[in-house]
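Visitor: kindly generate the corresponding structure for this input.
(chains A and B)
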Amino acid sequence: MKVYPYTHFLAENSFYKNMLKKDLYYFILIAMWVISCKKSDSTPTDGFDRAKMLENYAQNLIKPAYQDLQSQINNLKTATTNFVQSTSEPNLVALQTAWINTYKTWQYANAYNFGPAGEQGLKKGLIEEIGTFPVSTSKIESTITNNNANFNDFNRDARGFLAIEYLIFDLNGNQQNILTAFANQNRKNYLSGIVENIKTRVDEVVTVWDVTYLDEFVRNVGTDVGSSTSLLYNEFVKSFEAIKNFKVGLPLGKRPGQVQAEPQLVEAYYSGKSLEMLKAHFEAIENIWYGKSKNGADGVGFKEYLEYVEGGKALIESTEAQLQIIRNTLNAVPLSPSFSVQIQTVPASLESLHTELQRHTRFFKSDMSSVLGIAITFSSGDGD
Amino acid sequence: MPLSVFRLLFGLAMVFSTLRFMLLGWIEDHYIRPKLHFKYWGFEWIEPLSAEGLYAIHILMMIAALGVAFTSKITYKISAIILFITFTYTELIDISYYLNHYYYVSIVCLLLCFIPAPPPLLKKGYVVPVWVTGIFKLQIAIVYIYAGLAKINYDWLILALPLKIWLPAHDKMPLIGEVFTWKITPYLFAWLGMLYDCLIVFFLANKRTRLFAYGVVIVFHTMVGILFQIGVFPLVMIAGTLIFFNFEEKSISESSVSAFQHKKIPVFLYVFFVFQLLFPWRYLFYKGNLFWTEEGYRYSWRVMLMEKAGTATFYVKDSKTGREGIVDNSEFLNPHQEKQMAMQPDMILQFAHFLAEYYSQKGVYKPQVRVEAYVTLNGRPSRLLIDPKIDLTQQKDTFSPKTWILHDEND
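Guide: Numbers count the residues shown, from 1 in each chain, chains lettered A, B, ... in the order given. Okay, here's the model as predicted:
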């Protein structure tokens, strides 16, 4: 630290120069003592390269997830067209299979509700526009009857993946009920309309990611409000909490004021695929934390970021330990009866799952944002 | 003259700050949209006006700020009072947005009400009583010195926390970014920051070192303004410190001197400054780690001193059925409110009472509310802040120690 350049004009004042010199010596002495006394920790000495992390997320997690989703949706559209043209049982089964595959693929893409998939004006995030559940069966039925569908209005609980599910899956597995209902042309139009709407929305998101947003995303390397890290992180936490609150908690009746379990609130209620989807969603969340692509290639993610910061190693340990517990608890949930039935009759394993998800929240939420210094919201206001 | 410069720049800074607040949409975000507001102790009766009312208040604030900047005599007095009332009112709406900077601004607005109306801006030859510029210097001194004293703690100086958490993220800053990857940098900044806060007013007060000190002031606040998200505060401080300068020493006319000499120091100001000097020390009456319990933390110039965050899970039990539910905080709070609440015991308590009231109306019988609040302080593993078994509906927010806060084992 050079003192002389800015004391030259105070050269007349030797008292001041001496004082400054003395302060400087004391300071250097103290600083050296402090550094030598400090325990050496094994945090790497170079800075963490957030650009590399963002690059990994963009290229190996986000882009593939959206591309997979896109191609699955095209399959879904084909299956829908076939079914609508000829409402046979084989076509229905094919459609149902396509839906299951598409919806499962969606679990790996539903956490990135920022940028083109984020909230813009009246348009909500993609998860809300095409993934809202539970759906309002009355809204769906009345819209079909009146033949006045508008897939861009506020009725997000009457469109999206779960509206399709309601239309094509009978709660008791009675395929004939579905086939009979689809004799109605309005119903066919509605189904096609929903599928087309999903396709349009997803195509739009993918295009923007391909053309401009990916570069923008990788370049925005801060941790402040609006930075890619902050956006990704906040949506990641929201997605995790959605599992805990909406996929498990609410159906179990865990909200104050709920007096019993409410199975109709589960995700994928009509197809009975709730557990499968939940497992996929949870795996997707884990992948984000690890920076792992769907095929298992583990790249730079939040975990690696944590290795670089004060308190990060301890947090990694706690996080991984609890993630393992959640995985075990998930695997301990019986595969039958279906989720929505279990919730009412034998909820114990789901109660455990909820407890373990609850226990995990602080590791992803406050602990992580605190040690990484990530801004947690769009308008934190000013700091103090 | 320093007073004229001070009130002009302060008024303009207030105009700018209010305009920025409005343009960022923060009136909606902070005051209109939230379903509940966290009250200041003693000011529970303050409610946000309608959207139109709030906008009117902010526009009035800007006009008053212009009045403080430019006018004199009775117009000034009215402007100063309106500015203080409008600004302080908006601050009192929700304690989630409490900042030491806002507290400082409120204080300056208050002090501006108690001084005799400043001389007209461009007219020279007026003398202002020494105490008038003195109280602003004293207030700045209090802010700096207490902020500096607050930094004399183990985490800040020896562990370089929280700077060690906050600084590395700036390694991509042009020119100096690499500095933030060095291990020594947080320690350097911590010690320099503490020394700056503790000593700068003395260098500002001393005429020989004043100019140099002011240069340091500019460097310090500019740096801090770039590194941290603290709004207009750097501008306010850079402008406000000009009060230390005497811009002219010319001889003045007899009549103008005598007009001001008779303005006595209001008694209120004596009381006020005694309070300002003593109030930050109230934390000594409470056991435990101040940063952890926050009993006596606010209004004491503990500026940007710690990295703290929490996750608070509230359980609401029906006293008749015994059924206990878990609250989704985001149903009621925006992310900023939730973040502030989760680490500050008095806000946790307020939220607990709100939940009891809310769910009671939803049919839960005599709700009992408890919380599992895990808090991390300066990068340490998170721990329980509040006793998770205590029914918070039975607790009140008073000045007596909060027995339901679990203490740090390092106390």
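
Visitor: any buried residues in stretch A:237-257, and which?
Guide: Buried residues in stretch A:237-257, counting neighbours by 16 or more other C-beta atoms under 10 Å in any protein chain shown, are found at A:237-257. From N, CA and C alone the C-beta is placed, and that goes for glycine too.

Visitor: what parts of the stretch 151-300 of chain B come near chain A?
Guide: For the stretch 151-300 of chain B, the residues in contact with chain A (C-beta under 8 Å from any C-beta of the partner chain) are B:157-158, B:161, B:164-166, B:168-169, B:171-172, B:180-181, B:183-184, B:187-188, B:191, B:195, B:208-209, B:212, B:215, B:228-231, B:233.

Visitor: next step: these restricted to helices.
Guide: Using DSSP state H, the members of those that fall in helices are B:L157, B:K164, B:I165, B:W166, B:Y187, B:L188, B:W191, B:L195, B:F212, B:G215, B:F233.

Visitor: residue ranges of the helices in the stretch 51-200 of chain B, please?
Guide: Assigned by DSSP state H, counting those that start in this stretch, the stretch 51-200 of chain B shows helices spanning B:51-70, B:73-92, B:100-114, B:130-150, B:154-157, B:163-166, B:185-205.

Visitor: tell me what angle the first one forms with helix B:100-114.
Guide: The one in question is helix B:51-70. With axes from the mean of the first three to the mean of the last three C-alpha atoms, to 10 degrees defining the directions, helix B:51-70 sits at 60 degrees from helix B:100-114.

Visitor: can you pull the buried residues of helix B:51-70?
Guide: Buried-residue list, helix B:51-70, by 16+ other C-beta under 10 Å: B:54, B:57-58, B:61-70.

Visitor: just how off-centre is it within its chain?
Guide: Per C-alpha atoms, centre = their mean, to the nearest Å, the displacement of helix B:51-70 from the mean C-alpha position of its chain is 20 Å.

Visitor: let me see the mean pLDDT of that helix.
Guide: Per-residue pLDDT values across helix B:51-70 average out to 96.

Visitor: what comes into contact with that helix?
Guide: Contact with helix B:51-70 is made by B:7-12, B:14-15, B:18-19, B:21-22, B:27-28, B:31-32, B:48-49, B:75-76, B:78-80, B:82-83, B:86-87, B:89-90, B:112, B:121, as judged by C-beta atoms under 8 Å, 6 or more residues apart in numbering or on different chains.

Visitor: for the spatially most central residue of chain A, give me the pLDDT.
Guide: Centroid check for chain A by C-alpha atoms, centre = their mean gives A:A111 as the closest residue, at 2.2 Å. Looking at A:A111, its pLDDT reads 97.

Visitor: for the one 3 residues further on, same thing?
Guide: Here the pLDDT value assigned to A:F114 is 96.

Visitor: from memory A:V237 sits against A:D367, does it?
Guide: No. Using C-beta atoms under 8 Å, A:V237 is not in contact with A:D367; the gap is 11.2 Å.

Visitor: nearest to B:M347, out of the helices of the stretch 51-200 of chain B?
Guide: Closest approach to B:M347 among those is made by helix B:73-92 (14.7 Å; C-beta to C-beta).

Visitor: report the buried residues of the closest one.
Guide: Quick answer for helix B:73-92 (16+ other C-beta under 10 Å): B:76-92.

Visitor: any low-confidence regions in the chain?
Guide: Chain wasn't specified; assuming chain A. Scanning chain A for pLDDT under 70 picks out the ranges A:1-46, A:377-384.

Visitor: actually chain B
Guide: B:247-263, B:408-411.

Visitor: center of it - which residue?
Guide: Note on chain B: the residue nearest the mean C-alpha position is B:N100, at 1.6 Å, using C-alpha atoms, centre = their mean.

Visitor: excluding chain neighbours, what is closest to that residue?
Guide: Leaving aside its sequence neighbours, B:N100 sits nearest to B:V303 (C-beta to C-beta, 6 or more residues apart in numbering or on different chains; 4.9 Å).

Visitor: residue contacts, the one you found?
Guide: Contact analysis of B:V303 by C-beta under 8 Å, 6+ apart lists A:D384, B:N100, B:H101, B:A147, B:A150.

Visitor: likewise for B:K77?
Guide: B:K77 touches B:C113, B:A117, counting by C-beta under 8 Å, 6+ apart.

Visitor: can you check A:T97 too?
Guide: When contacts are counted by C-beta under 8 Å, 6+ apart, A:T97 touches A:A79.

Visitor: confirm that it sits in a helix.
Guide: Yes. Assessed with DSSP: H, G, I helix; E, B strand; the rest coil, A:T97 lies in a helix.

Visitor: what's the separation between it and B:W292?
Guide: In this view, A:T97 and B:W292 are 55 Å apart by C-beta to C-beta, to the nearest Å.

Visitor: so where do the strands sit in chain A?
Guide: Taking DSSP state E as the test, none of chain A falls into strands.

Visitor: one step back: the residue nearest to the centre of chain A touches A:I288, doesn't it?
Guide: Yes. Taking C-beta under 8 Å as the definition, A:A111 is a contact partner of A:I288 at 6.3 Å.

Visitor: anything in contact with each of those two?
Guide: Contact criterion C-beta under 8 Å, 6+ apart; residues shared by A:A111 and A:I288: A:F236.

Visitor: ok, B:F136 - how many residues close by?
Guide: Residues contacting B:F136 under the criterion other C-beta atoms under 10 Å in any protein chain shown number 23.

Visitor: now swap in B:W404 and tell me
Guide: Applying other C-beta under 10 Å, we find 20 residues neighbouring B:W404.

Visitor: with adjacent residues omitted, what lies nearest to it?
Guide: Counting by C-beta to C-beta, 6+ apart, B:I390 is the residue found nearest to B:W404 once chain neighbours are left out, at 4.5 Å.

Visitor: ok, now B:L12?
Guide: Distance criterion C-beta to C-beta, 6+ apart; nearest residue to B:L12, sequence neighbours excluded, is B:A69 at 5.5 Å.
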